[in-house]
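Colleague: only the shape, not the letters, is given here:
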């Protein structure tokens, strides 16, 4: 079973084509076989939450909170590492801020 804050490697199908790629992502939550994830990029100029090699990433990366989607458990290839509790809370605090702006 996967947990919130796990950094995984998964197969992601793009919405604008029939192709898919193997990409890193962070698990936000899992429910009834559906796994909600945030994509990760190595383009450190992008907005999001940084994760570093010292935290377990293969290279310095960004958790993109503007790239959230749902996959199945079967799409997960492997778990790479788990974020620290502090970093996980930072991700969720930023996500709540973004969702809170929907009230306006």
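Modeller: Received it, and whenever you're ready, just let me know what you need. All values reported here derive from a predicted model rather than from experimental measurement.
Colleague: strands of this protein, residue ranges please.
Modeller: 6-13, 20-31, 34-41, 49-51, 61-72, 76-82 (DSSP state E).
Colleague: would you turn these into CSV with mean neighbour count and mean pLDDT?
Modeller: Placement of C-beta: from N, CA and C, glycine included. Below are those laid out as CSV (neighbours: other CB atoms under 10 Å; pLDDT from 0 to 100):
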stretch, mean neighbour count, mean pLDDT
strand 6-13, 18, 92
strand 20-31, 17, 94
strand 34-41, 19, 96
strand 49-51, 20, 97
strand 61-72, 17, 94
strand 76-82, 14, 96
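Colleague: will you turn these into CSV that also has distance to residue 101?
Modeller: Below are those laid out as CSV (distance: least, CB to CB, whole Å):
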stretch, distance to residue 101
strand 6-13, 26
strand 20-31, 18
strand 34-41, 17
strand 49-51, 17
strand 61-72, 12
strand 76-82, 28
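Colleague: nearest to residue 103, of the ones you listed?
Modeller: strand 61-72 (17.2 Å; CB to CB).
Colleague: got the angle for the closest one vs strand 20-31?
Modeller: 80 degrees (axes from the mean of the first three to the mean of the last three CA atoms, to 10 degrees).
Colleague: list the strands paired with strand 61-72, with their directions.
Modeller: strand 34-41 (antiparallel), strand 49-51 (antiparallel) (DSSP bridges).
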